[in-house]
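Visitor: next come a sequence and a model predicted from it.
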Amino acid sequence: MPRTLLMIGTRKGLWTATSDDRETWTLDGPDEIRGEVHSVAIDKRGSSPRLFMASRSWHWGPQILHSDDGGATWERGKDGNAIAFPEDTGRSLESVWSIAPSPTEPDVVWAGSEPSALFRSEDRGESFEMVRPLWDHPHREQWGAGFGGQAIHTLLPHPTDPDQVTVAMSTGGVYRTSDRGGSWAPANQGIKAEFMPGDIQYPEFGQCVHKVARDSQDPQRLYAQNHGGVYRSDDGANSWTYIADGLPSEFGFPVVAHPREANTLYLFPLQGADGRFPVDGRCRVYRSRDGGEHWDELGKGLPEDGFWSAVMRDALCVDDDTPTGVYFGSRDGTVCGSSDEGETWQTIAEHLPDVLCVRAATI
């Protein structure tokens with residue numbers, strides 16, 4: 001019988017929650033309690049699901065672990081660690097912020113790191129090699145560090161064309177390739193860098209993009225949650241249009257696209273860069289079903305007031321069930337879920353460590 005698996009990465013290890021009906025949940029963990037879990041992924045391409053966990057351990061350092069038995073045991077890949085910077089770069093891996101199995105190449109897995117670099121695996125995550133043209137890009141020395149670090153946090157391999165990959169980083173902005181990583185170009189036209197002087201607030205690169213998602217039905221349509229502003233691109237990131245009107249705030253971290261419905265996306269707005277908590281302390285997810293032209297407030301079952309905790313860039317997700325489930329985890333260790341596309345909510349876990357990332361799938 002299919003069940004839903006929810007992976008919850010925190011500042012002090014990984015928890016998993018499982019459910020047969022998405023109403024009653026069993027919480028297990030923690031695993032990897034000596035590590036900060038910055039990114040998780042569920043790869044359903046093989047004969048059995050492979051789970052990924054990017055951990056920054058005080059003992060082992062940063063690493064990518066994988067599990068083929070639902071999280072009962074974890075392995076570190078070939079030679080004890082799957083990912084490392086080449087010696088000639090003079091840099092070392094600080095953490096892995098994003099993991100993305102390729103939708104077109106069965107054994108390819110992408111990983112984005114801090115400092116900002118892109119890695120590719122051709123053996124389903126056993127080992128990774130740096131995508132050197134992005135690291136050698138002439139802009140790299142000018143990419144800055146956002147408040148959380150300077151890292152590639154978004155990986156969007158194209159759903160049908162393996163030559164195309166879009167990435168995003170803070171601060172640097174959106175970059176893309178159309179030749180399998182052989183060359184990279186910035187793709188930020190229309191995205192504002194409000195922290196820059198007025199005459200250069202729309203630079204070629206340097207934007208503090210917090211997260212980017214791709215529409216499930218139109219691969220040319222992308223959604224971006226910026227440090228200030230929410231944007232949509234209808235032309236594969238050639239240009240961006242502001243779509244934050246109707247939201248309580250233009251600031252936030254995550255953006256997630258519905259897995260089957262076109263033009264449908266979810267956000268968790270925060271009061272602003274200084275007050276990184278829900279507006280007026282009201283815990284609310286916002287959904288648009290028309291590409292950001294209009295927004296619905298979703299909060300039935302969520303706290304009405306007194307909720308002063310943020311949801312980070314990878315701590316909002318959807319599953320692949322019908323109707324779609326929506327989940328988020330906050331920095332105070334609260335994890336909430338909806339089994340009806342966000343219409344109603346329940347609490348799945350409380351008092352966990354600071355939640356950094358969540359991912360869900362039916363397995």
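Guide: Noted; the coordinates are in hand.

Visitor: the closest residue to E114 other than its chain neighbours pairs with what?
Guide: Counting by CB to CB, 6 or more residues apart in numbering, the nearest residue to E114 once its immediate chain neighbours are dropped is A151, at 3.4 Å. All C-beta spots, glycine's among them, are computed from the backbone N, C-alpha and C. Taking DSSP bridges, one obtains S170 as the residues bridged to A151.

Visitor: look up how far H38 lies from R124.
Guide: Distance of R124 to H38, computed by CB to CB, to the nearest Å: 20 Å.

Visitor: of these two, which one has the most company?
Guide: A count of neighbours by other CB atoms under 10 Å puts H38 above the other of R124 and H38, at 28 against 20.

Visitor: that one touches C357, doesn't it?
Guide: Yes. Contact criterion CB atoms under 8 Å: H38 and C357 qualify, at 6.6 Å.

Visitor: what do these two both touch?
Guide: Both H38 and C357 are in contact with 9, 314, where contact means CB atoms under 8 Å, 6 or more residues apart in numbering.

Visitor: where exactly do the strands run in the stretch 101-250 of the chain?
Guide: Secondary structure of the stretch 101-250 of the chain, counting by DSSP state E, counting those that start in this stretch: strands at 109-114, 117-121, 129-130, 151-157, 165-170, 173-177, 185-186, 209-214, 222-226, 230-233, 241-242.

Visitor: in its sheet, what does the first one sit against?
Guide: For strand 109-114, the paired strands and their directions (DSSP bridges) are strand 95-101 (antiparallel), strand 117-121 (antiparallel).

Visitor: surely the residue nearest to E114 is in contact with L93?
Guide: No. In this structure, A151 sits apart from L93 without contact. The criterion is CB under 8 Å, and the distance is 10.6 Å.

Visitor: of these two, who's got more company?
Guide: When neighbours are counted by other CB under 10 Å, A151 and L93 differ, and A151 comes out ahead with 25 against 20.

Visitor: mind listing what's buried along stretch 223-230?
Guide: Neighbour-count burial for stretch 223-230, counted by 16 or more other CB atoms under 10 Å, picks out 223-230.

Visitor: end-to-end on that stretch?
Guide: Start-to-end span of stretch 223-230 (CA to CA, to the nearest Å) is 7 Å.

Visitor: contact partners of it?
Guide: With CB under 8 Å, 6+ apart as the criterion, stretch 223-230 contacts 146, 168, 170, 174, 191-195, 207-215, 231-233, 240, 242-244, 247, 250-255, 257, 265, 267, 273, 292, 313.

Visitor: buried ones from those, can you make that a ChimeraX selection?
Guide: Selecting only the buried members of these in ChimeraX, with burial defined as 16+ other CB under 10 Å, works like this:
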select :146,168,170,174,191,192,193,207,208,209,210,211,212,213,214,215,231,232,233,240,243,244,247,250,251,252,253,254,255,257,265,267,292,313
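
Visitor: which residues does the residue most central in space within the chain bridge with?
Guide: Within the chain, one residue has its C-alpha closest to the average C-alpha position: by CA atoms, centre = their mean, that is D314, at 3.7 Å. For D314, the beta-bridge partners under DSSP bridges are C357.

Visitor: go ahead and confirm G125 touches V109.
Guide: Yes. G125 is within contact range of V109, at 4.5 Å (criterion: CB under 8 Å).

Visitor: overlap in contacts of those two?
Guide: Common neighbours of G125 and V109 (criterion: CB under 8 Å, 6+ apart): 43, 52, 99.
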